[in-house]
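Participant: Give the three-dimensional model of this entry:
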Amino acid sequence: MCASPGAEWFLLDRGSIVDLRDGPHPTLVLGHAGGETELPDGSTHFIVVYDGVVNLTMAFGSYAMRPGQHAAIPGRASLSGSGHALIVSRLGYLGMFTLGGPIEPLGRLKYIDGCSDTVLIGPILRGDPCLNMLHVPPAVDQTEHTHPSVRVGIVISGNGRCVTPDHTLSLVPGGVFVLHPDAPHSFHTDVSPLQIVVYHPDSDTGPSHDDHPMLNRSIVGGRSAADLPNIRTTQIPGRARQPVVTH
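Facilitator: Residues are numbered from 1 along each chain as shown. Reported below is the predicted structural model:
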């Protein structure tokens with residue numbers, strides 16, 4: 001482990017890496033490195049495969065996940081196989097089953113300082129967790145910045161550095177970093193680009209009950225249904241905002 005007051009850095013290993021259950025967005029960071037890893041009920045598990053083959057097993061099916069593939073798994077599941085994977089479990093949150101990848105080499109969205117990113121698993125509702133890919137080109141000295149909530153990332157390829165006011169963390173493939181809320185940091189590269197997958201526990205973009213594609217593009221008499229409160233659904237029976245997963 002390498003750590004500064006606002007950041008921590010690990011090589012991917014099996015078992016518990018960081019316990020963030022006491023934070024504002026209760027999260028547990030785990031590693032899978034061979035053997036079997038059980039993922040319990042009561043959480044949505046965000047998984048990123050770094051190398052090898054990781055077998056994902058759930059009540060309704062099994063999948064062989066390969067490098068660069070990622071998933072969101074609500075509730076109980078298990079991982080097996082000799083591959084390495086990062087697991088970030090968002091406690092008390094019910095996501096939707098999502099399986100994606102492989103990851104593209106460049107992001108689809110413009111970021112800062114020549115970097116680009118892609119939303120790999122988006123928030124179902126504005127405010128929900130999400131998973132993102134960040135591409136940092138060669139010869140980048142990123143502007144120092146902060147985030148209002150924790151960030152958990154894994155380096156998929158390339159080399160670089162994460163610079164904080166107190167420490168410089170070497171970023172190498174298979175490394176996992178945790179950036180704590182409001183911690184100043186910046187990423188830097190030399191001749192090699194960096195490709196990183198990053199978990200965000202919250203979001204300030206994405207669909208909401210007042211702003212989503214089906215509502216906005218339903219037109220009644222030339223007006224969007226978003227502007228017609230008299231026909232808007234006011235309650236979804238049986239649907240809570242963020243229920244705990246149970247089986």
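
Participant: pLDDT weak spots in the chain?
Facilitator: 1-5, 14-16, 240-247 (pLDDT under 70).

Participant: what's around residue 31, how many residues?
Facilitator: 21 (other CB atoms under 10 Å). Bear in mind the C-beta positions are built from the backbone N, C-alpha and C, glycine included.

Participant: whoops, I mixed them up, residue 164
Facilitator: Residue 164: 18 neighbours (other CB under 10 Å).

Participant: So it sits against residue 184, correct?
Facilitator: Yes. With contacts counted by CB atoms under 8 Å, residue 164 reaches residue 184, the gap being 6.3 Å.

Participant: Mutual contacts of the two, please.
Facilitator: residue 6 (CB atoms under 8 Å, 6 or more residues apart in numbering).

Participant: so how far is residue 228 from the residue of the chain most remote from its centre?
Facilitator: Most distant residue from the mean C-alpha position of the chain: residue 221, 40.8 Å away (CA atoms, centre = their mean). Here residue 221 is placed at a distance of 9 Å from residue 228 (CB to CB, to the nearest Å).

Participant: Now for these two: what residues contact both?
Facilitator: Between them, residue 221 and residue 228 share no contacting residue, judged by CB under 8 Å, 6+ apart.

Participant: mind listing the helices for the chain?
Facilitator: 213-216 (DSSP state H).

Participant: Compute the first-to-last residue distance for stretch 170-189.
Facilitator: Chord length of stretch 170-189, first to last residue, is 10 Å (CA to CA, to the nearest Å).
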